[in-house]
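S.K.: quick one, what's the 3D model for this:
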Amino acid sequence: MTPDPDDSLTRYAAYATELADAVDAALAGWVERSVRSVAAAQGLEVDESALRTAAEAARAEGAERLRALLATDIDEQAGSPLSILRSLVRYPTEVLRAAGARPVHRDEFVVRSFPADVYDLSPAAFADVDPTLHEPGLAWGAAKAYIHLSRRR
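M.R.: Next up, the predicted model:
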């Protein structure tokens, strides 16, 4: 029995929507937690208004870019959801810089891979943004891989 391509695309679209919704719900909290963690470790006060503004801006940009990426056919997708999330590190970074935070120690791989991420905030996995993103990220990735392999058989 051969897989029904329409069914796999329908499932993929559902997983993509679930992932996008989960990321949208988690992004602002990730920005806030990231800033508060570094600031607390360095004994710094954070401008709450600037933090809220940065969190909302990251959420709005990230959700829009992620939905656009996930709506694109998998063979035409440039980048990944994690690359979008990593690009949003600039929002908490701006708040931390304004608060006077010092760059943190990073290993050579992280320095090479994410040179602008001086506070080591770039997520390696969906769960680094929020644990609730693990399952939708895994389901989306599996659905994408299934379609990719099905198209190349």
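
S.K.: where does the protein have low pLDDT?
M.R.: For the chain, the stretches flagged by pLDDT under 70 are 1-5.

S.K.: ranges for the helices of it?
M.R.: 5-41, 48-71, 81-87, 90-98, 108-113, 126-129, 134-151 (DSSP state H).

S.K.: now the ones you listed in TSV, with mean neighbour count?
M.R.: C-beta coordinates here come from the backbone N, C-alpha and C atoms, glycine included. Shown next, in TSV, are those (neighbours: other CB atoms under 10 Å):
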stretch	mean neighbour count
helix 5-41	18
helix 48-71	17
helix 81-87	19
helix 90-98	21
helix 108-113	11
helix 126-129	20
helix 134-151	16
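
S.K.: is it possible to get a markdown table of those that adds distance to residue 119?
M.R.: Listed next are the helices of the chain as a markdown table, based on distance: least, CB to CB, whole Å:
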| stretch | distance to residue 119 |
| --- | --- |
| helix 5-41 | 5 |
| helix 48-71 | 13 |
| helix 81-87 | 13 |
| helix 90-98 | 6 |
| helix 108-113 | 11 |
| helix 126-129 | 14 |
| helix 134-151 | 23 |
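
S.K.: ok, which of these comes nearest residue 120?
M.R.: Of all these, helix 108-113 sits nearest to residue 120, with 6.2 Å by CB to CB.

S.K.: separation between residue 132 and residue 27?
M.R.: Here the criterion is CB to CB, to the nearest Å. By it, residue 132 lies 12 Å from residue 27.

S.K.: ok, residue 65 next?
M.R.: Taken as CB to CB, the span from residue 65 to residue 27 is 11 Å.

S.K.: what do the two both touch?
M.R.: Among the neighbours of residue 65, none is also in contact with residue 27 (CB atoms under 8 Å, 6 or more residues apart in numbering).

S.K.: center of this structure - which residue?
M.R.: residue 85 (2.6 Å; CA atoms, centre = their mean).

S.K.: may I have stretch 38-48 exported as CSV, CA atoms only?
M.R.: Taking Å, rounded to 0.1, in the frame of the first residue of the first chain, the C-alpha atoms of stretch 38-48 are listed here in CSV:
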residue,chain,number,x,y,z
VAL,A,38,21.3,36.6,32.7
ALA,A,39,20.4,39.7,34.6
ALA,A,40,19.9,37.8,37.9
ALA,A,41,23.3,36.0,37.5
GLN,A,42,24.9,39.4,37.1
GLY,A,43,22.9,41.2,39.7
LEU,A,44,21.4,43.7,37.3
GLU,A,45,18.0,45.5,37.2
VAL,A,46,16.1,45.2,34.0
ASP,A,47,13.9,47.9,32.5
GLU,A,48,10.5,46.1,32.6
